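S.K.: Pasting the sequence and the predicted model now:
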Amino acid sequence: MSLAKWTEKLDGRSAEDLFVLAKQKDVGVLTIKPFSGHFIPNWAKNSSDPMVQNMLADLKQYGKKNLYQAMLLWVLQNPNLSAAVCGFNEPQDVVEDYEGYIGGELTAFHEDLLKRYYTLATNDYCRLCETCVASCPKGIPIPDIQRFRMYYKNYGHTRDAREYYAAIEPSRCASACDGCGICEEACQAEWQSSITLRMLTIC
């Protein structure tokens, strides 16, 4: 199941409690996309930001593989996870990302990379939790549009993104939004103030 869509149904228990229960019941727990797709995220294109400059400089000096190794090490340090489902663009990615994991450990350097990556990336990522959906008086499928935006902006799949977006009824597309802000109040993420602006990216 998609945990993001079901966490509100855990009756006050945390997601980690669910992982523990799954292990007790001998049910496997998989995590997907620990590498964030191996794409160049939008924040990395903001070359005027000193924090972005420093992050990109370190990735150039030490190699992007260290960031991806850190992501895998962080995910699989949880004893209640069974496996990580990873996607790769090139065969070399497999070698580089896993050579740091096999026999490796999460170091202070890895943790620093992850914290900086999180700080830069969190305002450009919709969690697709669907919390905002019920709040929209226009019935706009906000998470779907955010996902199509990700295909368009992050993956560069512009043709697919436009095709998916075009399938949405005109009365429910992003241009139908009147900026009432209700969805932004409902959003629990740290980037909620930009929902409307981001939806309009692929219109």
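M.R.: Now that the structure is in, tell me what you want to look at. Everything numeric here is computed off the predicted structure, so don't read it as measured data.

S.K.: any chance you could map the strands in the protein?
M.R.: Remark: strands of the chain, listed N- to C-terminal, are 30-32, 83-85; assignment by DSSP state E.

S.K.: closest to residue 181 out of those?
M.R.: Judged by C-beta to C-beta, the one of the strands of the chain that comes nearest to residue 181 is strand 30-32, at 31.6 Å. C-betas here are computed from N, CA, C, even on glycine.

S.K.: I'd like to know the average pLDDT value across the closest one.
M.R.: The average pLDDT within strand 30-32 is 86.

S.K.: any idea how far the residue nearest the centre of the chain lies from residue 138?
M.R.: The structure's the chain has its C-alpha centroid closest to residue 125; by C-alpha atoms, centre = their mean the separation is 5.3 Å. Using C-beta to C-beta, to the nearest Å, one obtains 23 Å as the distance from residue 125 to residue 138.

S.K.: Quote the end-to-end distance of stretch 19-28.
M.R.: End-to-end distance of stretch 19-28 (C-alpha to C-alpha, to the nearest Å): 9 Å.

S.K.: in it, what's buried?
M.R.: Residues of stretch 19-28 classed as buried: residue 19 (neighbour count, 16 or more other C-beta atoms under 10 Å).

S.K.: Tell me where this protein has helices.
M.R.: With DSSP state H, the ranges of helices along the chain come out as 3-6, 15-24, 50-62, 65-76, 91-99, 108-121, 142-150, 158-166, 182-186, 195-199.

S.K.: In a markdown table: the ones you listed, plus distance to residue 175 and mean pLDDT.
M.R.: Listed next are the helices of the chain as a markdown table, based on distance: least, C-beta to C-beta, whole Å; pLDDT from 0 to 100:
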| stretch | distance to residue 175 | mean pLDDT |
| --- | --- | --- |
| helix 3-6 | 26 | 48 |
| helix 15-24 | 35 | 87 |
| helix 50-62 | 31 | 84 |
| helix 65-76 | 36 | 84 |
| helix 91-99 | 38 | 73 |
| helix 108-121 | 27 | 85 |
| helix 142-150 | 11 | 87 |
| helix 158-166 | 11 | 90 |
| helix 182-186 | 15 | 85 |
| helix 195-199 | 9 | 55 |
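
S.K.: Quick check: which of these is buried the most?
M.R.: Burial of the helices of the chain is given as mean neighbour count (mean count of other C-beta atoms under 10 Å); helix 142-150 ranks first at a mean of 21.

S.K.: quick one: it to helix 158-166, angle?
M.R.: Relative orientation of helix 142-150 with respect to helix 158-166: 160 degrees, computed using axes from the mean of the first three to the mean of the last three C-alpha atoms, to 10 degrees.

S.K.: gap between helix 142-150 and the chain center?
M.R.: Centroid separation for helix 142-150 versus its chain: 12 Å, with C-alpha atoms, centre = their mean, to the nearest Å.

S.K.: same check, this time on stretch 121-139
M.R.: Taking C-alpha atoms, centre = their mean, one finds the center of stretch 121-139 at 13 Å from the center of the full chain.

S.K.: re the thing from before, including mean neighbour count and distance to residue 58, could the strands of the chain go into a markdown table?
M.R.: Putting the strands of the chain into a markdown table (neighbours: other C-beta atoms under 10 Å; distance: least, C-beta to C-beta, whole Å) gives the following:
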| stretch | mean neighbour count | distance to residue 58 |
| --- | --- | --- |
| strand 30-32 | 12 | 25 |
| strand 83-85 | 12 | 24 |
